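Novice: Need coordinates for the below:
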Amino acid sequence: MPALWIAHVTVTDAEAYGKYAALAGLAIERHGGYFIARAGRYVQLEGKERPRNVVAKFPSVEAAEACYNSSDYQAALDYARNASERELVIIETTE
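Specialist: Numbers count the residues shown, from 1 in each chain. A predicted model of the protein is given here:
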């Protein structure tokens, strides 16, 4: 079953986060993922507001998790760790 990688982010260092975003996008593509929403318009209805929301679709939960744990994504994540506050979840779709 396909899976969604859903991130809610507050960027605190735009320059460093830009480096993360460029490298993370490449890692996501290498693992069969693609973006279906990336920092677009949103409406916050509940919970903590994060102004950057990203959704990527992967072939499976395993593919999304393998991407997260890959050396190329972890190298990208080094830029995001001190440049953002974020939550990230992977969820299997019902398709």
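
Novice: Show me where the protein has its strands.
Specialist: 3-11, 34-38, 52-58, 84-92 (DSSP state E).

Novice: So which of the ones you listed is nearest residue 66?
Specialist: The minimum distance between residue 66 and the strands of the chain falls on strand 52-58, with 8.9 Å, by CB to CB. The way it works is simple: take the backbone N, C-alpha and C, and place the C-beta from them, glycine included.

Novice: quick revisit: the strands of the chain: which one's closest to residue 77?
Specialist: Closest among these, using CB to CB: strand 84-92, at 9.7 Å.

Novice: mind listing what residue 12 touches?
Specialist: 82, 83, 84, 85 (CB atoms under 8 Å, 6 or more residues apart in numbering).

Novice: Would you reformat the strands of the chain as JSON lines and include mean neighbour count?
Specialist: Shown next, in JSON lines, are the strands of the chain (neighbours: other CB atoms under 10 Å):
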{"stretch": "strand 3-11", "mean neighbour count": "19"}
{"stretch": "strand 34-38", "mean neighbour count": "13"}
{"stretch": "strand 52-58", "mean neighbour count": "19"}
{"stretch": "strand 84-92", "mean neighbour count": "14"}
